[in-house]
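Novice: output the structure for:
(chains A and B)
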Amino acid sequence: MATLEIRDLHVTVADKEILKGVNLTVKAGETHAIMGPNGSGKSTLAYAIAGHPKYTVTSGSVTLDGEDVLAMEVDERARAGLFLAMQYPVEVPGVSVSNFMRTAVTAVRGEAPKLRLFSKELKERMAELQMDPAFAQRSVNEGFSGGEKKRHEILQLEMLQPKIAVLDETDSGLDVDALKVVSEGVNRFSAAGETGVLLITHYTRILRYVKPDFVHVFADGHIVAAGGPELADELEAEGYEKYTKAGV
Amino acid sequence: MGLDVKPVSTLSEKASYDVADFAVPTGREEEWRFTPLNRLRGLHDGTAVGDGKVVVEVNADPEVRVESVGRGDPRVGSGYTPTDRISAQAYSSFTTATVITVPREASVERPITVRLRGESAEQAAYGHLTVIVEAFGSATLVLDHTGSATYADNVEFVIGEQASLKVLSLQEWRDDTVHVSHQHAHLAKDASFRGFNVTLGGDLVRIRPSVSYHGQGGDAELYGVYFVDAGQHLEHRLLADHSVPNCRSRVDYRGALQGEEAHTVWIGDVVIRAEAEGTDTYELNRNLVLTDGTRVDSVPNLEILTGEVAGAGHASASGRLDDQQLFYLQARGIPAAEAKRMVVRGFLGQLVQQIEVEEVRERVEAAIDVELAK
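Specialist: Numbers count the residues shown, from 1 in each chain, chains lettered A, B, ... in the order given. Model prediction:
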């Protein structure tokens, strides 16, 4: 059973402390929602887990099934079973989605998939996400709309089948139809295996489609409240005010 | 523009077949200031005696006429008059020219290949190639430069009315080679030309692709990719001279650099003369810097002498490999070195994919992979 364990994590960006002691455990089979106001450090947590070079871990630990994630390179983390669906997916001109996916799948699975099986799988998963098959030949994220980029992130999630997926504001900028399609993708991923999901969001809207087992409220660089799905309902009704004022 | 810098429109004003009409460059001239003259082995100052050899072999379908001619042949020099010292030196020094003619209305399917193989870099050689595509004809030409040489040449493409020529020029010289070349396309009414340079090998390679229009409706696309390694100087100097109305030009050159003293120069000159109303032009140069110690000189010059243009623009961007792109690929499990290869391949590949001759495209892709593995 996969377990992502974050202990007292402190992270700085350009010498400014953004994460101030985060504690969180995500186990396979669980869906956690991290909710919080803008600027609370939610995305920093996501990037720090993935290993973005801009973020410096000053203390604390992150382990996946006991392995030290912080000691791994970015690509090693992905191969170990971590996935970050990005809020702002990057354009890679001249690299086709199909080539990119096949290279990533080969790296993560440790062997090149048979071309025919791979093409079939990619085509099916794209159809489930209501992506035009022509996207396979387009350059990664180049000229994609906001919704297309997010579908493409979920496509990667489903193709790579990580142990723990971190979704960084995957719901932002999506219309209701796209939100449903993307949520179905996340639910398919959760249902397909022993996997954990850490859903980072500003809004409760996506939680109508992706049901969390645990809800954490994030403010000022750490978790300030935790509970079940009912906490999301409370946030929906009352907003973040009470948490951002706490401690002032 | 400084006092000593001439406007683009005057660059080809001085044109002569006689080397004596050009002073020996000192390196202070605008057109020579980026080129390390001391590495030209005397091609620029008359000391390089043409006793070396670059073997030329042409392979073409029977409908294409291939001839070796002497200096006096009237077709030689019919499309281009040298505009600088080395070009004139080459013109004054070659002994045999190759003339390739695609007859009127002939549509040549199979690419014409011209293999130019240098036998030694020790001795200099001079060459001349004239390619004539008569009215309504169409063809694809591959110029394949390999081996070791100290070589200066002029290549002229004379393209008739509504004729079309696509040229792929591969510079896959060995690392001891110096090559200075002028490639000029002379376009008649409604003629189209696509030139594609792939420059990978050589110690110093300086190519001047240029286009002149002699009737309305001319269309020129000038593409190039290059990969510069430690110590190499690879220079491309483009000129699109719009002197008649309603013609089009597109320039897109992209390169990657790695290693100490890897130096690339890209000069993109476009002039739209007063009479060239309705001109549509765009030029672009992009460079991807992979390591420290490299040098990029990228200078677009757009000179517009009429207010009536359909479109005119230029862009130049040189930068390091994008960390965000590398992070994105690595975050999907792709190791750093492979991520870097993918980004560079993608960057150059957008142009490489436009090479229509499959065999050549695959060869170029493989050659870029070899460069990336260095």
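
Novice: any part of stretch B:213-233 near chain A?
Specialist: No - applying C-beta under 8 Å from any C-beta of the partner chain, one finds stretch B:213-233 separated from chain A by no less than 11.4 Å. The C-beta positions use only the backbone N, C-alpha and C, and glycine is treated the same way.

Novice: tell me the buried residues in that stretch?
Specialist: B:213-215, B:217-229, B:232-233 (16 or more other C-beta atoms under 10 Å in any protein chain shown).

Novice: okay, how far is it across that stretch, tip to tip?
Specialist: 30 Å (C-alpha to C-alpha, to the nearest Å).

Novice: all strands of the stretch 251-374 of chain B, in order?
Specialist: B:263-272, B:279-289, B:295-304, B:309-320 (DSSP state E, counting those that start in this stretch).

Novice: mind listing what the second one pairs with, with the direction of each?
Specialist: Yep, that's strand B:279-289 we're talking about. Strand pairing for strand B:279-289, determined by DSSP bridges: strand B:248-257 (parallel), strand B:309-320 (parallel).

Novice: ranking those by mean neighbour count, which comes first?
Specialist: Across the strands paired with strand B:279-289, averaging neighbours per residue (mean count of other C-beta atoms under 10 Å in any protein chain shown) puts strand B:248-257 on top, at a mean of 23.

Novice: for the record, mean pLDDT for it?
Specialist: If you average the pLDDT over strand B:248-257, you get 97.

Novice: closest point of chain A to chain B, which residue?
Specialist: residue A:94 (2.9 Å; C-beta to the nearest C-beta).

Novice: I figured that residue hits residue B:344, correct?
Specialist: No - if you go by C-beta atoms under 8 Å, residue A:94 and residue B:344 don't touch, sitting 9.1 Å apart.

Novice: skip the chain neighbours and tell me the closest residue to residue B:176.
Specialist: residue B:121 (4.3 Å; C-beta to C-beta, 6 or more residues apart in numbering or on different chains).

Novice: any idea how far that neighbour is from residue B:147?
Specialist: 9 Å (C-beta to C-beta, to the nearest Å).

Novice: please enumerate the shared neighbours of these two.
Specialist: Overlap of the contact sets of residue B:121 and residue B:147 (by C-beta atoms under 8 Å, 6 or more residues apart in numbering or on different chains) consists of B:174, B:177.

Novice: hang on, the earlier thing: contacts for the helix or strand harbouring the residue of chain A closest to chain B, please.
Specialist: Using DSSP states H and E, residue A:94 sits within strand A:92-96. With C-beta under 8 Å, 6+ apart as the test, strand A:92-96 has contacts from A:100, A:136-142, B:325, B:328-329, B:342-343, B:345-350, B:353.

Novice: which ones among the residues you listed are found in helices?
Specialist: Of the contacts of strand A:92-96, the ones assigned to helices by DSSP state H are A:100, B:325, B:328, B:329, B:342, B:343, B:345, B:346, B:347, B:348, B:349, B:350.

Novice: who's in contact with the fifth one?
Specialist: I take that to be residue B:342. A:92, A:95, A:99, A:100, A:103, B:329, B:334.

Novice: list buried residues within the residues you listed.
Specialist: Using 16+ other C-beta under 10 Å as the burial test, the contacts of residue B:342 include A:92, A:95, A:99, A:100, A:103, B:329, B:334 as buried.

Novice: the last one touches residue A:104, doesn't it?
Specialist: Yes - with the criterion set as C-beta under 8 Å, residue B:334 and residue A:104 qualify as a contacting pair; they are 5.8 Å apart.

Novice: quick check: neighbours shared by the two?
Specialist: Looking at what touches both residue B:334 and residue A:104 (by C-beta under 8 Å, 6+ apart), the common residues are residue A:78.

Novice: in the sheet, who's paired with the residue nearest to residue B:288 when sequence neighbours are not counted?
Specialist: Excluding the flanking residues, the one nearest residue B:288 by C-beta to C-beta, 6+ apart is residue B:256, at 4.5 Å. Here residue B:256 sits in beta bridges with residue B:227, residue B:288, going by DSSP bridges.

Novice: so residue B:256 sits right up against residue B:291, yeah?
Specialist: No - counting by C-beta under 8 Å, residue B:256 sits too far from residue B:291 to count as a contact (10.0 Å).

Novice: show me what contacts residue B:260?
Specialist: For residue B:260, the contacting residues are B:230, B:231, B:293, B:294, by C-beta under 8 Å, 6+ apart.

Novice: what's the burial count for residue B:66?
Specialist: Number of residues near residue B:66 (other C-beta atoms under 10 Å in any protein chain shown) recorded here: 15.

Novice: which SSE is it in?
Specialist: strand B:65-69.

Novice: gap between that strand and the chain center?
Specialist: 23 Å (C-alpha atoms, centre = their mean, to the nearest Å).

Novice: what lines up beside that strand in the sheet?
Specialist: strand B:97-102 (antiparallel).

Novice: grab the nearest non-local neighbour of residue B:290.
Specialist: residue B:258 is the one closest to residue B:290 (C-beta to C-beta, 6+ apart), at 4.1 Å.

Novice: now do the contacts for residue A:105.
Specialist: So residue A:105 contacts A:113, A:118, A:159, A:160 (C-beta under 8 Å, 6+ apart).

Novice: meant to ask about residue B:147
Specialist: B:54, B:117, B:118, B:119, B:173, B:174, B:177.

Novice: again with residue B:291
Specialist: Neighbours of residue B:291 in contact, by C-beta under 8 Å, 6+ apart: B:257, B:258, B:259, B:262.

Novice: same thing with residue B:148?
Specialist: Residue B:148 neighbours (C-beta under 8 Å, 6+ apart): B:118, B:119, B:120, B:121, B:173, B:174, B:176, B:177.

Novice: what's the helix or strand for it?
Specialist: strand B:138-159.

Novice: could you tell me the angle between that strand and strand B:97-102?
Specialist: Angle, strand B:138-159 to strand B:97-102, by axes from the mean of the first three to the mean of the last three C-alpha atoms, to 10 degrees: 130 degrees.

Novice: packing partners for the helix or strand of chain A with the lowest mean pLDDT?
Specialist: Here the helix or strand of chain A ranked lowest by mean pLDDT, DSSP states H and E is helix A:241-245, holding a mean of 80. If you count contacts as 3 or more C-beta pairs under 8 Å, 6 or more residues apart in numbering or on different chains; DSSP states H and E, helix A:241-245 packs onto strand A:214-219.

Novice: near chain A, which residues of chain B are found?
Specialist: B:322-325, B:327-336, B:338-339, B:342-343, B:345-350, B:353.

Novice: show the buried residues in those residues.
Specialist: Going by neighbour count (16+ other C-beta under 10 Å), the residues of chain B next to chain A have B:322, B:325, B:327-335, B:338-339, B:342-343, B:345-350 buried.

Novice: show me which helix runs longest in chain A.
Specialist: helix A:176-192.

Novice: helix, strand, or coil at residue 236?
Specialist: As the question left the chain open, I've gone with chain A. Here residue A:236 is helix, with the state taken from DSSP: H, G, I helix; E, B strand; the rest coil.

Novice: chain B is the one I meant
Specialist: strand.

Novice: returning to what we had before: what is the burial count for the residue nearest to residue B:290?
Specialist: 21.

Novice: do the same with residue A:195
Specialist: 23.

Novice: which residues does the residue of chain B found nearest chain A contact?
Specialist: With C-beta to the nearest C-beta as the measure, residue B:346 is the residue of chain B nearest to chain A, at 2.9 Å. Contacts for residue B:346 (C-beta under 8 Å, 6+ apart) come out as A:92, A:93, A:94, A:95, A:139.

Novice: repeat that for residue B:120.
Specialist: Contacts of residue B:120 (C-beta under 8 Å, 6+ apart): B:52, B:53, B:148, B:149.

Novice: where does the closest residue to the second one other than its chain neighbours land in three-state SS?
Specialist: The spatial neighbour of residue B:53 that comes closest, neighbours along the chain excluded (C-beta to C-beta, 6+ apart), is residue B:119 at 4.9 Å. Using three-state DSSP, the three-state assignment for residue B:119 comes out as strand.
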